[in-house]
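Undergrad: got a predicted model here, sequence first, then my questions.
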Amino acid sequence: MPTKALDPQTITDIDGYLRPNVAAIIQRHNSFRRWKDTIEKHEGGYEDFTKGYLRFGLVLGPNNEVTYREWAPNAREAYLIGDFNEWNRTAHPMTKNDFGVWEISVPPLPSGKCAIPHDTKVKVCFTLPCHETKFSDLKISMILPGGARIERLPAWIRRVTQDLSVSPVYDARFWNPPAHEKYVPKHPRPPKANNVRIYEAHVGISTAEPRVGTYKEFTKNILPRIRDLGYNVIQLMAVMEHAYYASFGYQITSFFAASSRYGTPEDLKELVDTAHGMGLTVLLDIVHSHACKNVLDGINEFDGTDHLYFHEGGKGRHDLWDSRLFNYGHHEVLRFLLSNLRFWVDEYGFDGFRFDGVTSMMYKHHGMGTGFSGGYHEYFGDSADEEGIVYLMLANDAMHSLYPNSITIAEDVSGMPLLCKPVEVGGVGFDYRLSMAIPDMWIKLLKHKQDDEWDLGNIVHTLINRRHGEKSIAYCESHDQALVGDKTIAFWLMDKEMYTHMSDLTPMTPIIARGIALHKMIRLVTHSLGGEGYLNFEGNEFGHPEWLDFPREGNGNSFQYARRQWNVVDDSLLRYKYLNNFDIAMNHLAAKYGWLDAPQAYVSLKHEGDKVLVYERAGLLFVFNFHPINSFTDYRVGIEESGEYKIVLSSDEKRFGGFDNIKLDVSFFTTPMAWNGRKNFLQVYIPTRTCIVLAK
């Protein structure tokens, strides 16, 4: 049945300002419909089309027969080579069909065992055709020598390994462990996460020791921390195999291979399954915005051409990232990418994706040299990349059709309207977008403004400035802000005193007192006011003392900063524990009252002189005093619902590094008189640089 056409009224009902762009939205929706109908008609719908990984690459069949298929239309001949046939370049020829797909079946040995042993190396060898090159200015043609041989790692390979003592180039391996070594999941997937509190993590840096951490260590040591902190979603970075460790996982060479730096595929399956057993949802940081330009161990120039998976020429290259750009308008590229999404869900148990580089995918300029002012003309017209947008629509539609509980998050800096609306109403189909303006605001404030110059109106505007009816993930800092050359919020606040005055055995200096107080306030106001989800990068919850810098030539290949110093938060004598304790209390309170799923907060007071901010959300009253020196007794704050209120969280508690100036056992009774646009008021004591949360 053909996909339903889009009614223009549906678009303008969502946002009247979209009226001038209705034609463009309908056009891209029609393009989406054509693709979906084509997939339905010729490929058995999403159900079959997204299972490309069961057909392409090295697939083990019944009776231990291995079938290998590869799309390489330019090749004249193809051979499967590897340890199994002693790298004989002609022993296992492949045959090509009309669609440029090569195929071979390798029967089992006479003993019945698989002919390609588990974890042994394989490659595909292509012979290229002769090419006629015309030199038009000389009016002659020249035949270049044909029959050149190239060797490639299979594009759909599920395991690749790197031996840096030999070469940085990866080896492809046939992963087929014996039954007793295969990991069998023990836990069902958790229900779809709500009140989304995301812990962004990188397996490799998750050890305190100066080396690459492992999946096994993450499962044993880090998962319990995440659960106890009160997060309910994990976002795993740098899992898809990437050429260069210091790229943070963003230069993908093998899209179906889990990075072997951290262990085996079975170890990763165990990690995801163990997280499920703790009630944690696990998202994968997926990179479909570009690919590593490596030829020997990537998919660039796979069949000897410039344009197999990518656009040819300049259109297929990202100047800033020095990488290749996918041709999202090609049938086989869509099969590859959509199957890649399904593979990570089916094979490893991931529950959804954070899509990296969405801005680059949606615009022909890739967001380079472009500032987005919020004018709607910037999102549509010539600069929009319809093929990229339609791919994202297909990806979201397919994932939500096949897995209704899956979650997708867009990393988009542009603010594209309808990004987080369902595809059927003209949207791109994401569940959430990252609020990338919020961390920028905090860094600018800490860098350029004195505390008494903080503009509460601007802070509130940045935190609540999001598209109505589209969900946002708020964060103070992600991995981007932790990288070398920048500073974490904790470091902006406390700088070198973090090395000398974070022990309870030293006096609490004004810098440390301010740093601990503002760190907590910045987190709570962002968490409770900034979005419908919250994200934290690992270690930042306790004010990780140093930036993140991977081993590279420029730092003598040092692991000094490519790790997380859990030792400082686990040391009961150090003050990092106070920030950690506050993070736990904040997350558990958010879980209890569900403020992330509640409607946007009602802000009743932004007092620039007093530096006091007051708002209500999910039935809770939030009061912040950002003033650097003034405390206020009997401060009158408005509240809608009358009754008796108690403090459920105070940043001034001793266990949070505060001074215990606020009594927690006091009841606050409302007075039925309108105040700041609310029907009632109550009076509270708010010391300098303190925040409190009250509940009825």
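TA: Ah, there it is.

Undergrad: could you list the low-pLDDT ranges of this protein?
TA: 131-146 (pLDDT under 70).

Undergrad: try it again at 90.
TA: 1-3, 130-147, 164, 246-248, 369-375, 381, 478-487, 545-549, 553 (pLDDT under 90).

Undergrad: select the longest helix from it.
TA: The helix that spans the most residues within the chain, counting by DSSP state H, is helix 22-43.

Undergrad: what's that helix in contact with?
TA: 1-6, 8, 11-12, 18, 45-46, 49, 331, 334-335, 380-381, 384, 386, 389-390, 393-394, 397, 418, 423, 426 (C-beta atoms under 8 Å, 6 or more residues apart in numbering). The C-beta positions use only the backbone N, C-alpha and C, and glycine is treated the same way.

Undergrad: with stretch 210-224 instead?
TA: Outside stretch 210-224, the residues that reach it (C-beta under 8 Å, 6+ apart) are 201, 203-207, 234, 245, 261-264, 267-268, 270-271, 274-275, 278, 280, 538, 558-560, 562-563, 566.

Undergrad: ranges for the strands of the stretch 351-500 of the chain?
TA: 352-355, 407-410, 432-434, 472-474 (DSSP state E, counting those that start in this stretch).

Undergrad: turn the ones you listed into TSV, columns for distance to residue 109 and mean neighbour count.
TA: TSV is the format used below for the strands of the stretch 351-500 of the chain (distance: least, C-beta to C-beta, whole Å; neighbours: other C-beta atoms under 10 Å):
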stretch	distance to residue 109	mean neighbour count
strand 352-355	40	26
strand 407-410	44	26
strand 432-434	50	25
strand 472-474	52	25
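
Undergrad: which one of these lies nearest to residue 288?
TA: Closest to residue 288 of the strands of the stretch 351-500 of the chain, according to C-beta to C-beta: strand 352-355, at 6.7 Å.

Undergrad: could I have that closest one exported to PDB, CA atoms only?
TA: Extracted in PDB, the C-alpha atoms of strand 352-355 (Å, rounded to 0.1, in the frame of the first residue of the first chain):
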ATOM      1  CA  GLY A 352      18.700   3.300  19.900                       C
ATOM      2  CA  PHE A 353      21.200   5.900  18.600                       C
ATOM      3  CA  ARG A 354      22.600   9.300  19.000                       C
ATOM      4  CA  PHE A 355      23.200  10.400  15.400                       C
END
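
Undergrad: do a quick rundown of the helices in the stretch 101-250 of the chain.
TA: 215-217, 223-229 (DSSP state H, counting those that start in this stretch).

Undergrad: so for the longest one, what gets flagged as buried?
TA: By neighbour count with 16 or more other C-beta atoms under 10 Å, helix 223-229 contains the buried residues 223, 225, 226, 227, 229.

Undergrad: format the residues you listed as CSV; extra columns: distance to residue 363.
TA: Shown next, in CSV, are these (distance: C-beta to C-beta, whole Å):
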residue, distance to residue 363
223, 38
225, 38
226, 35
227, 39
229, 36
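
Undergrad: which of those residues lies closest to residue 339?
TA: Closest to residue 339, out of all of these and judged by C-beta to C-beta, is residue 223, at 28.5 Å.

Undergrad: OK, contacts around residue 21?
TA: Contacts for residue 21 (C-beta under 8 Å, 6+ apart) come out as 376, 379, 380.

Undergrad: out of these, which is nearest to residue 503?
TA: Distances from residue 503 to those, taken by C-beta to C-beta, are shortest for residue 379, at 51.3 Å.

Undergrad: correct me if wrong: the closest one contacts residue 414.
TA: Yes - between residue 379 and residue 414 there is a contact under C-beta atoms under 8 Å: 6.9 Å.

Undergrad: scan the contacts of residue 21 and report the most crowded one.
TA: Counting neighbours by other C-beta atoms under 10 Å, the top entry in those is residue 379, with 23 neighbours.

Undergrad: what's the neighbour count on the closest residue to that residue other than its chain neighbours?
TA: Distance criterion C-beta to C-beta, 6 or more residues apart in numbering; nearest residue to residue 379, sequence neighbours excluded, is residue 416 at 5.2 Å. Look at residue 416: counted by other C-beta under 10 Å, it has 27 neighbours.

Undergrad: quick check: phi and psi at residue 679.
TA: Here is the backbone geometry of residue 679 (degrees, to the nearest 10): phi -70, psi -20.

Undergrad: that one and residue 633, how far apart?
TA: Remark: distance between residue 679 and residue 633 (C-beta to C-beta, to the nearest Å) = 24 Å.

Undergrad: the more surrounded of these two?
TA: Neighbour count, other C-beta under 10 Å: between residue 679 and residue 633, residue 679 has more, with 14 against 9.

Undergrad: so the more buried one sits against residue 642, correct?
TA: Yes - between residue 679 and residue 642 a contact is recorded at 7.1 Å, counting by C-beta under 8 Å.

Undergrad: residues shared between the contacts of these two?
TA: Common neighbours of residue 679 and residue 642, counting by C-beta under 8 Å, 6+ apart, are residue 672.

Undergrad: ok, which stretches of the stretch 401-550 of the chain are helices?
TA: Going by DSSP H, counting those that start in this stretch, the stretch 401-550 of the chain shows helices at 437-448, 456-464, 479-482, 489-494, 510-529.

Undergrad: reformat these as a markdown table; add distance to residue 367.
TA: A markdown table is the format used below for the helices of the stretch 401-550 of the chain (distance: least, C-beta to C-beta, whole Å):
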| stretch | distance to residue 367 |
| --- | --- |
| helix 437-448 | 14 |
| helix 456-464 | 20 |
| helix 479-482 | 14 |
| helix 489-494 | 25 |
| helix 510-529 | 24 |
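
Undergrad: could I get stretch 102-111 in CSV with only the CA atoms?
TA: Provided in CSV are the C-alpha atoms of stretch 102-111 (Å, rounded to 0.1, in the frame of the first residue of the first chain):
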residue,chain,number,x,y,z
TRP,A,102,29.9,-10.7,-6.2
GLU,A,103,29.2,-14.0,-4.5
ILE,A,104,30.9,-17.2,-3.4
SER,A,105,30.0,-20.2,-1.2
VAL,A,106,32.7,-22.0,0.7
PRO,A,107,31.6,-25.5,1.5
PRO,A,108,32.6,-27.1,4.9
LEU,A,109,35.6,-29.4,5.2
PRO,A,110,35.0,-33.2,4.7
SER,A,111,35.0,-33.4,8.5
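
Undergrad: distance of the residue nearest to residue 83 when sequence neighbours are not counted relative to residue 66?
TA: Excluding its sequence neighbours, the residue lying closest to residue 83 (C-beta to C-beta, 6+ apart) is residue 120, at 4.0 Å. Plainly put, residue 120 is 12 Å away from residue 66 if you go by C-beta to C-beta.

Undergrad: which of these two has more neighbours?
TA: The neighbour count for residue 120 versus residue 66, taken as other C-beta under 10 Å, is higher for residue 66 (21 against 15).

Undergrad: for the more buried one, which residues are in contact?
TA: 58, 59, 60, 105, 106, 114, 115, 116, 174 are the contacts of residue 66 under C-beta under 8 Å, 6+ apart.

Undergrad: next, count neighbours for the fourth one.
TA: What that stands for is residue 105. 13.

Undergrad: let's have the chain start at 85 instead
TA: Renumbered: residue one is now 85, and that last one reads residue 189.

Undergrad: which SS state does the closest residue to it other than its chain neighbours fall under?
TA: Among residues not flanking residue 189 along the chain, residue 151 sits closest, at 4.9 Å (C-beta to C-beta, 6+ apart). Under the three-state scheme (DSSP: H, G, I helix; E, B strand; the rest coil), residue 151 adopts strand.

Undergrad: hmm, residue 151 is touching residue 138, no?
TA: No - using C-beta under 8 Å, residue 151 is not in contact with residue 138, being 10.2 Å away.

Undergrad: circling back: overlap in contacts, residue 204 and residue 150.
TA: Joint contacts of residue 204 and residue 150 (C-beta under 8 Å, 6+ apart) are residue 258.

Undergrad: and the angle for the helix or strand that contains residue 431 with helix 106-127?
TA: Using DSSP states H and E, residue 431 maps to helix 415-432. Relative orientation of helix 415-432 versus helix 106-127 (axes from the mean of the first three to the mean of the last three C-alpha atoms, to 10 degrees): 70 degrees.
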